[in-house]
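Colleague: Whatever this is, show me its structure:
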Amino acid sequence: MITKSILPLPVELDRSRLSLLHCRLLVVDDDLPMLRAVTKVLSRAGAQVHSASSTAEAMQLMADPDFGFDVVLTDLRMPVASGKFILSLIKSTHPSLPVLIMSAYWTPEMKDECTRLGVAGCLEKPTSSRQLIQAICRVLQGERRPDADGEN
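Modeller: Alright, predicted model coming up:
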């Protein structure tokens, strides 16, 4: 869940808005209120956001040869297939596409596994608008680290 700092975006994030202006993001989460909140935050930050409420929907969007996403942000725990599955699939077909994974249920072992699979960062839920935007900006600048929100 995104914390209440969703709207409006803090003034200090104006610079981040410039980083996201032409960024194409795919956001995947089966929790529709979370999906809408994250999509709204990132859209207001200037990104072109495509959202998917299931792994199947995400894969359909990615099957389009012109998808051209810059970053994929996915939930870890979803029915049918997990964020780790999405990460594995993306890394096998588009190895340079950065993937961020969000979860309220991280364990050190899960973070280690995602790191081995090539995750660009792991975000804790709940997260703030600021942490979310900053994590995506860091990934766009080529920085990758397991704890994308700076927390352990």
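
Colleague: in this protein, which spans are strands?
Modeller: Remark: strands assigned in the chain by DSSP state E are 24-28, 48-52, 71-75, 99-103, 121-124.

Colleague: of those strands, which approaches residue 136 most closely?
Modeller: Shortest distance between residue 136 and the strands of the chain, using C-beta to C-beta, is found for strand 71-75: 5.8 Å. Quick note: C-beta positions are derived from backbone N, CA and C, even for glycine.

Colleague: quick one: strands adjacent to the closest one?
Modeller: strand 24-28 (parallel), strand 99-103 (parallel) (DSSP bridges).

Colleague: Looking at those, which one is packed in the most?
Modeller: Of all the strands paired with strand 71-75, strand 99-103 has the most neighbours on average by mean count of other C-beta atoms under 10 Å, namely a mean of 26.

Colleague: hang on, the earlier thing: how about a markdown table for the strands paired with strand 71-75, with mean pLDDT and distance to residue 76 added?
Modeller: Compiled in a markdown table, these are given as follows (pLDDT from 0 to 100; distance: least, C-beta to C-beta, whole Å):
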| stretch | mean pLDDT | distance to residue 76 |
| --- | --- | --- |
| strand 24-28 | 95 | 10 |
| strand 99-103 | 94 | 4 |
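
Colleague: which residues in the protein form helices?
Modeller: 14-20, 32-44, 55-63, 83-93, 108-117, 129-140 (DSSP state H).

Colleague: Just say which of the ones you listed is most tucked in.
Modeller: Among those, helix 129-140 has the highest mean neighbour count (mean count of other C-beta under 10 Å), at a mean of 22.

Colleague: Name the spans of this structure whose pLDDT lies under the cut-off.
Modeller: Residue ranges of the chain with pLDDT under 70: 1-18, 144-152.
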